[in-house]
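1. Here is my input; please provide its structure:
(one chain, ligands or ions: 2)
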Amino acid sequence: MFAPSMIQRRAFSASARQLSKVAVLGAAGGIGQPLSLLLKLNPRVSELALYDIRGAPGVAADVSHVNTKSTVKGYEPTPTGLAEALKGAKVVLIPAGVPRKPGMTRDDLFNTNASIVRDLAKACAESCPDANILIISNPVNSTVPICAEVFKNKGVYNPRRLFGVTTLDVVRASRFVSEIKGTDPADEKITVVGGHSGVTIVPLFSQSRHPELSSNAELVKRVQFGGDEVVKAKDGAGSATLSMAMAGARMADSILRAAEGEKGVIEPTFVDSPLYKDQGIDFFSSNVELGPNGVEKVLPVGPVDAIEEKLLEACFVDLKKNIEKGKAFVAQNPGN
Ligand SMILES: NC(=O)C1=CN([C@@H]2O[C@H](COP(=O)(O)OP(=O)(O)OC[C@H]3O[C@@H](n4cnc5c(N)ncnc54)[C@H](O)[C@@H]3O)[C@@H](O)[C@H]2O)C=CC1
Ligand SMILES: O=C([O-])CC(=O)C(=O)O
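-> Ligands and ions are numbered 1, 2, ... in the order given. Reported below is the predicted structural model:
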């Protein structure tokens, strides 16, 4: 017999910890592999579904030996395999697609990655329409609108559940500031808004502990073009994978914590946003409060200084074009 207090405690822990299936599409890639490992280490994940057009069963077999409770399964690259991987998923992370080589912009990836994301989005809309979809594949400024259009066409679009992963931009910003100031990056909370490429990435140092940094043009540029640093250093072998895996795992964990009812979970992310819709910009990255239903509240950008005002103006020009390009792609190429 259990004492009443024990029964209460057991009932509480069972309801607080939900069973969460998480799927990774593109799981055998540079990001997908370390991301899958980090998700295997997350106690909030009960089931890990790994899918790729090649190599997912091997990655799954490897990761499955890590001695945490969750189960791991790799799926074959067939429509049934994909549907099975997605069925019942609470979170789907999508790092499928090609990465940049030196000299390329993220937009140069559009021609290859747009159709990959469109087709995977279609599978998600069919097999797990209520899942939280986290898009990592570039160009994020266009692939997120692509996913939204696909979900709309299927009649299952829920703007609260679609996220462009821009976490890496704030991860970089806090690290770069800590290097300059000799501080712990954990203490450097830097707001970054806009989109996820070049000048659409807008760090708001005026809101940080070091407001004077907004006039540090070199630092601003480093945050905006941090991805290029890695692309150049990898010299043709791809772009950021390990730091991205960490950033993606952090975002997934935040989504899961909020789903479990934790209050005050805030992450920056590129979402269907009311902030600049009046200027024709339907998606924007800003701090977002997460909840059991996904996006709980899109937080305002807050006060910006004159330099940041100019950065935002430049951001809007490119961002608008990137978003339109994604929407137009689905309109012209709806796929099967
Ligand atoms: N949002 C962000 O902050 C970041 C985004 N990225 C983007 O993430 C993407 C992936 O980068 P990496 O992992 O380095 O590339 P990768 O080439 O190492 O891996 C991509 C994986 O996707 C798989 N794939 C391709 N088509 C697929 C499909 N239809 N279904 C399932 N899997 C498919 C490939 O087989 C491969 O294993 C790139 O587009 C890159 O630009 C990279 C870093 C940061
Ligand atoms: O730079 C790239 O192409 C990959 C990426 O999005 C990043 O590292 O932020």
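2. any idea how far ligand 1 is from residue 63?
-> Applying C-beta to the nearest ligand atom, to the nearest Å, the value for residue 63 to ligand 1 is 14 Å. C-betas here are computed from N, CA, C, even on glycine.
3. burial count for that residue?
-> 23 (other C-beta atoms under 10 Å).
4. just checking, it touches residue 38?
-> No: when contacts are counted by C-beta atoms under 8 Å, residue 63 is not listed as touching residue 38 (9.9 Å).
5. Report the contact partners of residue 113.
-> The contact partners of residue 113, taken as C-beta atoms under 8 Å, 6 or more residues apart in numbering, are 97-98, 137-139, 143.
6. right, I mislabeled it, should have said residue 30
-> 99, 238-239, 241.
7. Name the single longest helix found in the chain.
-> Under DSSP state H, the helix in the chain containing the largest number of residues is helix 306-332.
8. how about it: buried residues?
-> 308, 311-312, 315-316, 318-320, 322-323, 325-327, 329-330 (16 or more other C-beta atoms under 10 Å).
9. that's a strand at residue 288, yeah?
-> Yes: counting by DSSP: H, G, I helix; E, B strand; the rest coil, residue 288 is found in a strand.
10. Specify the beta-bridge partners of it.
-> Judged by DSSP bridges, the bridge partners of residue 288 are residue 267, residue 298.
11. Do I have it right that it meets residue 266?
-> Yes: in this structure, residue 288 is within contact of residue 266 by C-beta under 8 Å, at 6.8 Å.
12. give me the residue from this structure nearest ligand 2.
-> residue 227 (2.2 Å; C-beta to the nearest ligand atom).
13. element containing that residue?
-> Under the criterion of DSSP states H and E, residue 227 resides in helix 226-234.
14. so what's the backbone phi/psi at residue 24?
-> The phi/psi pair for residue 24 (degrees, to the nearest 10) reads phi -120, psi 120.
15. Get me the contact residues on the stretch 101-250 of the chain for ligand 1.
-> 109, 113, 116, 120, 136-138, 140, 165, 168, 196, 238-241, 244 (C-beta under 6 Å from any ligand atom).
16. from the contacts of residue 113, which is closest to residue 90?
-> Among the contacts of residue 113, residue 137 lies closest to residue 90 (C-beta to C-beta), at 19.9 Å.
17. Near ligand 2, which residues of the stretch 1-150 of the chain are found?
-> Listed as neighbours of ligand 2 in the stretch 1-150 of the chain under the rule C-beta under 6 Å from any ligand atom: 99-100, 106, 138.
18. Need the max-distance pair from those.
-> Taking C-beta to C-beta, no two of these sit farther apart than 99 and 106, at 9.6 Å.
19. Now list whatever residues contact both of these two.
-> By C-beta under 8 Å, 6+ apart, the residues touching both residue 99 and residue 106 are residue 138.
20. Now do the spatially closest residue to residue 245 that is not a sequence neighbour against residue 327, distance only.
-> Using C-beta to C-beta, 6 or more residues apart in numbering and skipping the chain neighbours, the partner closest in space to residue 245 is residue 34 (3.6 Å). Residue 34 sits 32 Å away from residue 327 when distances are taken as C-beta to C-beta, to the nearest Å.
21. Now do the buried residues in the helix or strand harbouring residue 122.
-> Using DSSP H and E, residue 122 sits within helix 110-127. By neighbour count on 16+ other C-beta under 10 Å, the buried set for helix 110-127 is 110, 113-125, 127.
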